[in-house]
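Structure here, sequence nowhere to be found:
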DNA sequence: GGTAAAATTGAACGCTCGTTCAAACATCCC
DNA sequence: GGGATGTTTGAACGAGCGTTCAATTTTACC
């Protein structure tokens, strides 16, 4: 209950054949992902506490008890949702950082990819839900990785400012504005609405980059 | 339970002295607002379902039962929070719309006021929490008024596009981007952090307007 | 086809939280 | 000071939800 799990004292003898992993055998990985998708959708529209495990399971035509075969508890599902989307985001950011595009192009690539991730992947992922619902240890992990994304975007902007491509402004503030505009999308986006994710990505990128450029 | 409250049949005789209002006597109005502020803060950080009435009351050193003297139930508190902030927003928007500033200046005034409202008023108000938690009737009301704000901003942008002050883009998309950037602030803003609300307001306004201008 | 492992079910438990309400306390006015 | 009205308390109820688990069904492999 306090901090990280202490190293367990080795069991004395008793090791036979394969060691039984405490949880998570070679479960059907696709089912795990399906659960994450259903959970993300539920979290997004009802909030973490408003989304019942019953509802998450029902969307997959499961009984709720079955979720506990794949995850230890509800909080772990939330954590896994965050990890899933952060994995993708950070991978994306790395690719872009290492490329030799101009800051201008980098930002465009990033925004377009971000919008697609948010709209087409895990229904806006769980970027939205309350971080507070996470356990202290999980919270620390997620905040760390999220900061990593923040700093990545900030660095690209700072580069643009340094090379004179962008006006001299507060890179931190600008990155928050961009992330806000993008992260807000799930709030108004309707899958069957008029705007396609491609159109949104393009429109957002153009607008958000235009504001960065030096006048 | 269905739709709006039907007109009640007048009571036949029986009217003595003052008519007893069904709820909401001349209660202490400031207590009501205090409850809204506490609730808004709790909703923002824990989500609607995660925020307990116990916690909302405790922050005001009250017992939870007492809240039910001021509000019928938890959902009504959420509704009142939304109403409170929408009142302010819509009043603001009306003033700005009627003024004879240029679209450019209008947007700046609006963004600055928005940021201040979000940061300094009801802790980011309840713009954040799940609308789904509202009852159907309340939901309809709030969505209607929120659309009103959306359209107000959109109209100002459209004016700017029409007069050539802004580039020719999708006003709807742009307004979503602006509202997203602004509404996202409560997610990262730390009251005791380095950035003052004034600095944020100014920085955001400059950036978000720069992107609108025609190149 | 039989058996071991994987996956799923359904019922049950316990706890938390929203809500109610009668009683107690505070305030104000004649 | 006393009654009426406004406000607060504290205890209790009941429903819903997360979680557990033994039993059952499905899948995979020899």
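Everything's here; your move. This structure is a prediction, so every number in the text was calculated from the model and none was measured. Numbers count the residues shown, from 1 in each chain, chains lettered A, B, ... in the order given.

buried set for the helix or strand containing residue A:154?
Per DSSP states H and E, residue A:154 falls inside helix A:136-162. Going by neighbour count (16 or more other C-beta atoms under 10 Å in any protein chain shown), the buried part of helix A:136-162 is A:138, A:141-142, A:145-146, A:149, A:152-161. All C-beta spots, glycine's among them, are computed from the backbone N, C-alpha and C.

try stretch A:208-215
A:208-212.

do the same with stretch A:53-67
For stretch A:53-67, using 16+ other C-beta under 10 Å, the buried residues are A:53, A:55-57, A:62, A:67.

Next, the distance between the ends of that stretch.
8 Å (C-alpha to C-alpha, to the nearest Å).

For residue A:74, which residues are in contact?
residue A:53 (C-beta atoms under 8 Å, 6 or more residues apart in numbering or on different chains).

Just give me the residue closest to the centre of chain A.
The residue lying closest to the centre of chain A (C-alpha atoms, centre = their mean) is residue A:85, at 3.0 Å.

Wasn't it part of a strand?
No - Residue A:85: not assigned to a strand; according to DSSP: H, G, I helix; E, B strand; the rest coil it is helix.

While we're on it, how confident is the model there?
Listed pLDDT for residue A:85 reads 86.

looking at it, it is touching residue A:92, isn't it?
No - counting by C-beta atoms under 8 Å, residue A:85 stays clear of residue A:92, with 10.5 Å between them.

Do a quick rundown of the helices in chain A.
A:29-46, A:53-58, A:64-70, A:74-98, A:103-120, A:136-162, A:171-183, A:197-210 (DSSP state H).

Check what pLDDT residue A:185 gets.
The predicted local confidence for residue A:185 is 89.

ok, now the one 4 residues further on?
What the model reports as pLDDT for residue A:189 is 85.

Quick check: nearest residue in space to it, chain neighbours excluded?
In space, and not counting its chain neighbours, residue A:189 is closest to residue A:119: 6.0 Å by C-beta to C-beta, 6 or more residues apart in numbering or on different chains.

Near that neighbour, how many other residues are there?
By the measure other C-beta atoms under 10 Å in any protein chain shown, the count of residues near residue A:119 is 20.

mind listing what it touches?
A:185-186, A:189, A:197, A:200-201.

again, 7 Å this time
Listed by C-beta atoms under 7 Å, 6 or more residues apart in numbering or on different chains, the contact partners of residue A:119 are A:185, A:189, A:197, A:200.

number of nearby residues for residue A:164?
9.

Kindly list the main-chain dihedrals of it?
phi 90, psi 0 (degrees, to the nearest 10).

Per-residue pLDDT of it, please?
91.

same deal with residue A:45?
85.

Just give the nearest non-adjacent residue to it, would you?
The nearest residue in space to residue A:45 (C-beta to C-beta, 6+ apart) is residue B:132, at 5.7 Å.

And the pLDDT at that neighbour?
81.

swap in residue A:199?
pLDDT at residue A:199 comes out at 94.

buried sites along the lowest-mean-pLDDT helix or strand in chain A?
The weakest-scoring helix or strand in chain A, judged by mean pLDDT, DSSP states H and E, is helix A:103-120 (a mean of 88). Buried residues in helix A:103-120, counted by 16+ other C-beta under 10 Å: A:103-104, A:106-115, A:117-119.

distance of the closest residue to residue A:88 other than its chain neighbours from residue A:92?
Nearest residue to residue A:88 in three dimensions, chain neighbours excluded: residue A:117, at 6.0 Å (C-beta to C-beta, 6+ apart). To residue A:92, residue A:117 is 7 Å away according to C-beta to C-beta, to the nearest Å.

again, but for residue A:65
Distance from residue A:65 to residue A:92, by C-beta to C-beta: 36 Å.

Same check on residue A:166?
21 Å.

which stretches of chain A have low pLDDT?
Residues of chain A meeting the criterion pLDDT under 70: A:1-27, A:122-130, A:214-215.

and it, which residues reach DNA strand D?
A:49, A:51-54, A:64-65, A:68, A:72-75 (C-beta under 7 Å from any atom of the strand).

Identify the farthest-apart pair in these.
Using C-beta to C-beta, those span at most 20.0 Å, a distance reached by A:49 and A:65.

got the contact list for whichever residue of chain A sits closest to DNA strand C?
Among the residues of chain A, residue A:65 lies closest to DNA strand C, at 2.2 Å counting by C-beta to the nearest atom of the strand. With contact set as C-beta under 7 Å, 6+ apart, residue A:65 has no partners.

cool, and the one 4 residues further on?
Contacts here follow C-beta under 7 Å, 6+ apart; on that basis residue A:69 touches nothing.

From residue A:143, how far out is it?
29 Å.

likewise residue A:55?
On the measure of C-beta to C-beta, residue A:55 and residue A:143 end up 27 Å apart.

Contact residues of chain A facing chain B?
Proximity of chain A to chain B (C-beta under 7 Å from any C-beta of the partner chain) is limited to residues A:45-50, A:130, A:132-133, A:169-170, A:173-174, A:176-177, A:179-181, A:183-185, A:188, A:200, A:203-204, A:207-208, A:210-211, A:215.

which of those residues count as buried?
Using 16+ other C-beta under 10 Å, the buried ones in the residues of chain A next to chain B are A:45-50, A:130, A:133, A:169-170, A:173-174, A:176-177, A:179-181, A:183-185, A:200, A:203-204, A:207-208, A:210-211.

Can you give me the buried ones in stretch A:71-89?
Buried-residue list, stretch A:71-89, by 16+ other C-beta under 10 Å: A:71, A:74, A:76-86, A:89.

when you scan that stretch, is anything in it near DNA strand C?
No - for stretch A:71-89 and DNA strand C, the contact criterion (C-beta under 7 Å from any atom of the strand) is not met; the two come no nearer than 11.5 Å.

Could you report the distance from residue A:153 to residue B:36?
Taking C-beta to C-beta, one finds residue A:153 at 35 Å from residue B:36.

again, but for residue A:96
43 Å.

which of the two has more neighbours?
With neighbours defined as other C-beta under 10 Å, residue A:96 and residue B:36 compare such that residue B:36 has more, 24 against 19.

Hmm, that one is touching residue B:83, no?
No - contact between residue B:36 and residue B:83 fails when scored by C-beta atoms under 7 Å: they sit 9.3 Å apart.

I appreciate the help and will end here.
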